[in-house]
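> generate a structure from the sequence data that follows.
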Amino acid sequence: MTTTAEVLVSAHRRAESINWTDAYLVSSIEEAMATQAEVIRRLDTRAAGWKVGFGPDATAVAAPILAELLHTDGAALSLPAAGRVGLEVEIAFRLGQDLPARDRPYSKSEVLGAVSGALVGIELVASRFNDAGSLPYPVYLADNLGNAGYVAGESGAESTELELSSLPCRIWRDGELIHDRVGGHPQGDPLQPLLAYAGGQIDHCGGLRAGQVVTTGTLCGVITIDRPCTIAAEIAGIGTAWLSIVGR
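Sure, this is the predicted structure:
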């Protein structure tokens, strides 16, 4: 675990990807979550948000979005060293209250009561390891599920007012419409990953806190970006977000 944390810290600081070897083995979800916390400690940063989802065995998991990787509308983010990056548009929630870890599940109404608003998020996905598709899942989780940047639009409508599973999502690249679909979330309801993780928190980074942005999974799959461009996204009833992707 220590070795994995060391190489991830180096990759963050140098903004370079590294080759995967078995020497960096993280063999369980528990070790992965501990590694995330060790990387945060060594980088002297904090979790400004979370990616929540489900592991291969349906365990609810989370990965911190580091403070320096969380941006507001209009941010200019660089392509990673590999020259390409995955892009995902997601429904995210801003927390208005803490959701502390506890020994019983949260109800949907409790989670919604802690949410101050829903927003459109654009995530850049690029692992610090090369050939991410061949990584063991715990290693990818230790690498914050490949989060390489996140742009959060302004918090829009109250999430209780929306049928989150059936909202139209549209995405433009340099003004060209490249995605236009209703829904598309892997679990149908984007609130489900947050609801599941809130009731089963296993991180070592302080948990779900007021002010954080929690993103819940792509509505568009993964769109590969391999050149500088401008991306704009709109989710009906929630709002918009946009960013510029520039060369290194």
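> let me see the ranges of the strands in this structure.
With strands called from DSSP state E, the chain shows them at 47-54, 60-66, 70-72, 75-78, 85-95, 115-125, 147-152, 168-173, 176-182, 213-218, 223-225, 229-235, 239-246.
> out of the ones you listed, which is closest to Tyr140?
Smallest distance to Tyr140 across the strands of the chain (CB to CB): 9.1 Å, for strand 60-66. Backbone N, C-alpha and C define where each C-beta goes, glycine included.
> output the contacting helices and strands for the closest one.
Here strand 60-66 touches helix 29-43, strand 47-54, strand 147-152, helix 191-198, going by 3 or more CB pairs under 8 Å, 6 or more residues apart in numbering; DSSP states H and E.
> as CSV, those with distance to Ile178 would be great.
Shown next, in CSV, are these (distance: least, CB to CB, whole Å):
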stretch, distance to Ile178
helix 29-43, 32
strand 47-54, 23
strand 147-152, 17
helix 191-198, 25
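> so which of the ones you listed is nearest Pro136?
When those are compared by CB to CB, helix 29-43 sits nearest Pro136, at 9.5 Å.
> tilt between the closest one and strand 60-66?
Note on geometry: by axes from the mean of the first three to the mean of the last three CA atoms, to 10 degrees, helix 29-43 and strand 60-66 are set 10 degrees apart in direction.
> use 29 as the first number for this chain going forward.
Okay, residue one is now 29; in that scheme the one you just asked about reads as helix 57-71.
> closest to the centroid, which residue in the chain?
Among the residues of the chain, the one closest to the centroid is Lys79, at 3.5 Å (CA atoms, centre = their mean).
> what's near enough to touch it?
Applying CB atoms under 8 Å, 6 or more residues apart in numbering, we find Lys79 in contact with Ala90, Ala91, Pro92, Ile93, Glu151, Asn172, Leu173, Asn175, Thr243.
> beta partners of it?
Following DSSP bridges, Lys79 is listed with bridge partners Ala91, Thr243.
> how much space between it and Arg42?
According to CB to CB, to the nearest Å, Lys79 stands 23 Å off from Arg42.
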